[in-house]
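K.L.:
any chance you could fold what I've pasted below:
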Amino acid sequence: MNYTLLFLNLGGGEIIIVLLVILLFFGSKKIPELARGLGRGMREFKDATSGVQREIEQSMKDVPTKPKINKRPEAPDNSKAQES
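P.N.:
Numbering: from 1, shown residues only. Next comes the predicted model:
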């Protein structure tokens, strides 16, 4: 079975070549720093998207509903008129 990476249709050999080129280009000391920066960026992006999603859900909960209309008017308070 031929396992290929769906992104750009890369196989195992091509991925190894790309990783070796990255290792040669950046060096072994820079790669962990790059990975940490990439991880932080992904975390910030995830936090931002979840924050936007929370705001949307909260705004949907805050939508005012129609007030209930009392169909029968209240009877006037005649107790004050009778006391006079």
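
K.L.:
what's in contact with stretch 26-42?
P.N.:
Applying C-beta atoms under 8 Å, 6 or more residues apart in numbering, the contact partners of stretch 26-42 are I22, L23. (Glycine included, C-beta is placed from N, CA and C.)

K.L.:
and the average pLDDT for the helix or strand harbouring I31 is what?
P.N.:
Per DSSP states H and E, I31 falls inside helix 30-61. Helix 30-61 shows a mean pLDDT of 91 in the predicted model.

K.L.:
check stretch 10-22 too.
P.N.:
Here the average pLDDT along stretch 10-22 is 86.

K.L.:
restrict it to CA atoms and write it as CSV.
P.N.:
Output in CSV follows, covering the C-alpha atoms of stretch 10-22 (Å, rounded to 0.1, in the frame of the first residue of the first chain):
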residue,chain,number,x,y,z
LEU,A,10,4.4,13.9,-1.3
GLY,A,11,5.6,10.4,-0.6
GLY,A,12,8.0,9.2,2.2
GLY,A,13,11.2,9.7,0.1
GLU,A,14,10.3,13.3,-0.8
ILE,A,15,9.5,14.1,2.8
ILE,A,16,12.9,12.9,3.9
ILE,A,17,14.6,14.9,1.2
VAL,A,18,12.7,18.0,2.3
LEU,A,19,13.6,17.5,5.9
LEU,A,20,17.3,17.0,5.0
VAL,A,21,17.3,20.3,3.0
ILE,A,22,15.7,22.1,6.0
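
K.L.:
please consider this matter closed, and thank you.
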